[in-house]
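what's the 3D shape of this:
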Amino acid sequence: MSAYTSIKSVAANIAGRFLSHFISAHFNNLETMNHIKSPVIFIHGNKDDLILSEHSVNLYKQIQK
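Sure, this is the predicted structure:
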């Protein structure tokens with residue numbers, strides 16, 4: 001699994017919120033976290049310019065619920 005919360009949120013980070021409305025909500029990893037039962041390790045660099053490290057933090061928070 002990639003370390004983004006959703007393709008839509010990556011598009012918002014890169015192109016802005018307005019343009020992200022034209023991206024479909026496929027690959028919603030936040031929703032997928034609700035179905036994972038096995039141990040997970042998150043590895044993400046703070047210098048990632050494409051997918052912000054906050055995505056991994058939010059995925060971690062979601063799996064803790």
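
just checking, next helix/strand downstream of the worst-scoring helix or strand of the chain on mean pLDDT?
Within the chain, no helix or strand scores below helix 17-20, which has a mean of 72 by mean pLDDT, DSSP states H and E. Per DSSP states H and E, the first helix or strand lying C-terminal to helix 17-20 is helix 29-33.

helices and strands around that following helix, which ones?
Applying 3 or more C-beta pairs under 8 Å, 6 or more residues apart in numbering; DSSP states H and E, one finds that helix 29-33 contacts helix 54-63. Quick note: C-beta positions are derived from backbone N, CA and C, even for glycine.

buried ones in the helix it packs on?
Neighbour-count burial for helix 54-63 flags His55, Ser56, Asn58, Leu59, Gln62, Ile63 (criterion: 16 or more other C-beta atoms under 10 Å).

next: stretch 6-16.
Ser6, Ile7, Lys8, Ser9, Val10, Ala11, Ala12, Asn13.
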